[in-house]
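Participant: Okay, predicted coordinates and the sequence, questions at the end:
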Amino acid sequence: MNFKFQNHNIHLFAYYLSEEHNSLGYYKQDWLWDKCDEIVAKTIKPEFKFNIKQHLNLEDKSEDPWANLNKYFPKMDDYHPIYVQSHECFIESEQNPTHKIAIPPDENNKVFVPGNETATISPVKIYNTYGLCIQLNNLNIKNAGIFRDEDVKLANPENCLVLDINKENQYFIGQTLLVTINLEKGYFLKCKYNPVKFQKIADNYLESLLPKSFRKPSFNDSGKLFGSLVYQYGIIRDPNSYYHVLICFVLDNQSANKFEEYYNQLLDLFLFRNRIIHAYNKIKQIEQEARNKSQELQIDIKKSQEEQDSENYLDKLQKLLRELPNFSVEYAEKLRNLKEFQYLIVSHTRNYADKINEIKSNFPKDEDFSFLEDFIHRTCISYQDRVNAAVNFFQLDISLIDNAIDSIRGQLAIKQANTERQLQNTITSLGIGIAAAGNLLSIYEATNIIQSIEQNKGGDKDVQSTPTFAISFIIVWIISMLFGLCIWQAASWFFKWRYKKGQRK
């Protein structure tokens with residue numbers, strides 16, 4: 001498809017957590033800057049090796065809420081871009097910002113060429129987050145007024161404008177891709193009274209910009225920004241395909257100037273937006289992990305209750321009692337993290353609203369900013385409600401775990417007491433049985449001795465022989481053991497009956 005543009009400029013706003021947040025795993029310190037170098041190499045294709053870190057001041061670890069990272073200017077001065085063209089890097093002259101000077105100073109006196117393909121890079125640090133804006137201007141302008149599908153594709157070689165395709169980097173907060181399009185005047189007049197045509201152009205442009213194999217963000221909303229029509233893509237509820245893309249049709253020079261004038265505010269605004277969404281996604285991740293743990297815990301408790309009569313029931317209770325405090329500590333840690341992200345959502349929602357009010361203060365009261373404000377009313381408020389529910393869920397689960405610990409301790413104490421009582425009864429019953437058997441055997445021995453004495457006194461020499469006595473003793477011993485066993489069983493039954501009778505009372 002052919003697009004009738006005067007030009008199209010691409011603005012990539014990307015945000016990366018600084019070293020202060022390196023608790024999420026391996027921290028790739030140069031990840032964002034390497035991505036910047038990659039984009040410049042693939043789009044501008046400079047004749048030299050561009051390295052953004054050479055031009056940055058990253059050593060200062062102060063806790064200022066905002067800092068310019070361009071090392072050629074004071075840290076707290078203002079946003080100062082770095083301009084990259086195919087032949088050299090440039091910065092603004094301090095005496096005349098419209099004049100660009102080469103960095104480092106060039107012996108061949110290379111000069112900035114207006115109209116050439118240019119990457120304008122603004123590196124900053126905002127609220128302990130690195131922010132990077134790469135503005136790609138005048139890309140692939142060959143035939144004035146006509147852009148082919150291939151020309152748009154060349155603006156995003158190898159899909160380099162999507163920084164974290166697999167969503168693997170825990171420190172990458174997110175990105176916003178803003179495309180500003182100036183339509184050819186005659187074509188603009190044809191579309192002016194038919195907004196559907198503008199959306200169709202935006203849809204086709206996005207289809208051409210991103211590879212066919214890439215899952216493209218869905219259309220979300222439309223409105224106006226600085227007097228320009230804007231179409232928003234990316235459904236937040238669908239995290240697998242969510243990428244924030246804005247396609248704006250700049251209607252006149254006044255609108256174009258407004259974008260340039262409030263460019264820095266947009267950089268801040270998109271940071272707050274991405275921080276809010278990033279925090280919310282982290283909360284959902286924590287919540288899902290907690291639900292999985294909770295289900296595992298419920299299954300373990302349910303299984304233990306179903307096996308009360310098993311021999312290893314006591315061991316399972318003891319195992320649960322060892323595991324539950326760890327669950328409780330883990331839940332408390334997750335609740336703490338969740339509340340930190342909750343604070344981030346509340347804080348950056350306020351920052352987002354304040355930044356919009358800052359922009360609105362320079363416009364007439366009837367200027368429409370509902371496109372930006374809808375994020376607060378439609379998204380942030382629902383986020384806060386959902387997070388409050390998640391906090392309540394965690395607190396309830398922690399309470400349930402504590403109750404489960406107390407319940408299992410009680411069951412364990414009762415079970416141990418019953419086991420000890422049964423052991424005591426067994427020992428008592430066994431003692432009674434042994435005593436009974438011993439008494440029977442003793443009676444037999446005593447009777448046998450008395451008979452022997454009486455026979456000796458009467459002169460009866462036919463005394464029972466030793467083998468006969470041994471056989472009789474064995475028989476009596478067996479009878480004694482059987483008798484003792486019966487007494488033991490009877491005593492055991494009696495103690496159990498008495499215990500159950502006491503339980504019923």
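Facilitator: Now that the structure is in, tell me what you want to look at.

Participant: Look at F90 and give its secondary structure.
Facilitator: Going by DSSP: H, G, I helix; E, B strand; the rest coil, the secondary structure assigned to F90 is strand.

Participant: beta partners of it?
Facilitator: In this structure, F90 has beta-bridge partners Y83, A102, where bridges are defined by DSSP bridges.

Participant: residues in contact with it?
Facilitator: Going by Cβ atoms under 8 Å, 6 or more residues apart in numbering, F90 touches 82-84, 100-103, 112. From N, CA and C alone the C-beta is placed, and that goes for glycine too.

Participant: Out of the residues you listed, the closest to Y280 would be?
Facilitator: Using Cβ to Cβ, I82 is the member of these that sits closest to Y280, with 32.7 Å.

Participant: Now for that closest one, how many residues are close by?
Facilitator: Counted by other Cβ atoms under 10 Å, the residues lying close to I82 total 25.

Participant: Then Y72?
Facilitator: Quick note: Y72 (other Cβ under 10 Å) scores 16 neighbours.

Participant: Distance from the chain centre to stretch 169-184, please.
Facilitator: In terms of Cα atoms, centre = their mean, to the nearest Å, the centre of stretch 169-184 is set 23 Å apart from its chain centre.

Participant: so which helix or strand takes in L177?
Facilitator: Element membership for L177, per DSSP states H and E: strand 172-183.

Participant: Packing partners of the helix or strand just after that strand?
Facilitator: The helix or strand immediately downstream of strand 172-183 is helix 185-191, counting by DSSP H and E. Applying 3 or more Cβ pairs under 8 Å, 6 or more residues apart in numbering; DSSP states H and E, one finds that helix 185-191 contacts helix 195-209.

Participant: picking up where we left off before, of all the contacts of F90, which two lie farthest apart?
Facilitator: Greatest spatial distance among the contacts of F90 (Cβ to Cβ): V84 and I101, at 13.8 Å.

Participant: could you give the angle of the strand holding L177 to helix 195-209?
Facilitator: Using axes from the mean of the first three to the mean of the last three Cα atoms, to 10 degrees, the direction of strand 172-183 lies 120 degrees away from that of helix 195-209.

Participant: Could you write out the alpha-carbon coordinates of strand 172-183 in PDB?
Facilitator: These are the backbone C-alpha positions of strand 172-183, laid out as PDB (Å, rounded to 0.1, in the frame of the first residue of the first chain):
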ATOM      1  CA  PHE A 172      12.400  -3.100  31.700                       C
ATOM      2  CA  ILE A 173       9.300  -1.100  32.800                       C
ATOM      3  CA  GLY A 174       7.900  -0.600  29.300                       C
ATOM      4  CA  GLN A 175       7.800   1.600  26.200                       C
ATOM      5  CA  THR A 176       5.600   3.900  24.300                       C
ATOM      6  CA  LEU A 177       5.900   4.300  20.500                       C
ATOM      7  CA  LEU A 178       4.600   7.600  19.200                       C
ATOM      8  CA  VAL A 179       4.300   8.200  15.500                       C
ATOM      9  CA  THR A 180       3.600  11.600  14.100                       C
ATOM     10  CA  ILE A 181       2.400  11.800  10.500                       C
ATOM     11  CA  ASN A 182       2.000  14.800   8.300                       C
ATOM     12  CA  LEU A 183      -0.400  13.900   5.500                       C
END
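
Participant: partners of it in the sheet?
Facilitator: In the sheet, strand 172-183 lines up against strand 5-17 (antiparallel), strand 244-249 (parallel) (DSSP bridges).

Participant: how about JSON lines for these, with mean pLDDT added?
Facilitator: Conversion of these to JSON lines gives the following (pLDDT from 0 to 100):
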{"stretch": "strand 5-17", "mean pLDDT": "90"}
{"stretch": "strand 244-249", "mean pLDDT": "95"}
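
Participant: D315: which of these is closest?
Facilitator: Of all those, the one in closest proximity to D315, counting by Cβ to Cβ, is strand 5-17 (45.4 Å).

Participant: I figured E117 was touching Y83, is that so?
Facilitator: No. Assessed by Cβ atoms under 8 Å, E117 is found out of contact with Y83, at 11.1 Å.

Participant: quick revisit: I'd like the strands paired with strand 172-183 written out as CSV, with distance to G174 and mean neighbour count added.
Facilitator: What follows is these, written out as CSV (distance: least, Cβ to Cβ, whole Å; neighbours: other Cβ atoms under 10 Å):
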stretch, distance to G174, mean neighbour count
strand 5-17, 6, 23
strand 244-249, 7, 23
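
Participant: one step back: of the contacts of F90, closest to I10?
Facilitator: I10 lies nearest to V84 out of these, by Cβ to Cβ, at 14.2 Å.

Participant: among the strands paired with strand 172-183, which is nearest K282?
Facilitator: Comparison of the strands paired with strand 172-183 against K282 by Cβ to Cβ identifies strand 5-17 as nearest, at 11.3 Å.

Participant: Now the element after the closest one, going C-ward?
Facilitator: On the C-terminal side of strand 5-17, the nearest following helix or strand under DSSP H and E is helix 31-43.

Participant: Please report how far P211 lies from K153.
Facilitator: The span separating P211 from K153 equals 8 Å under the rule Cβ to Cβ, to the nearest Å.

Participant: K365 too?
Facilitator: Distance of K365 to K153, computed by Cβ to Cβ: 43 Å.

Participant: more crowded one of the two?
Facilitator: Neighbours per residue (other Cβ under 10 Å) separate K365 from K153, with K153 holding more: 16 against 5.

Participant: correct me, but that one touches S208?
Facilitator: Yes. The pair K153 / S208 is scored as a contact, 5.8 Å apart, by Cβ under 8 Å.

Participant: Is there a neighbour count for E358? I'd like the number.
Facilitator: 13.

Participant: residues touching it, list them.
Facilitator: Q265.

Participant: Quick check, pLDDT for it.
Facilitator: pLDDT for E358: 92.

Participant: Name the SS class of it, please.
Facilitator: State at E358, reduced to three classes by three-state DSSP: helix.

Participant: now L136
Facilitator: strand.

Participant: mind checking how far it is from Q384?
Facilitator: From L136 over to Q384 the distance is 36 Å, taken as Cβ to Cβ.

Participant: Endpoint to endpoint, stretch 202-222 covers what distance?
Facilitator: For stretch 202-222, the first and last residues are 11 Å from each other (Cα to Cα, to the nearest Å).

Participant: Quick check: buried residues in that stretch?
Facilitator: Along stretch 202-222, these residues count as buried under the neighbour rule (16 or more other Cβ atoms under 10 Å): 202, 205-206, 208-210, 216-217, 219.

Participant: Same check on stretch 359-375?
Facilitator: Taking 16+ other Cβ under 10 Å as the criterion, stretch 359-375 shows 359, 369, 371-373, 375 as buried.

Participant: Any idea how far apart the tips of that stretch sit?
Facilitator: Its start and end residues considered, stretch 359-375 measures 16 Å (Cα to Cα).
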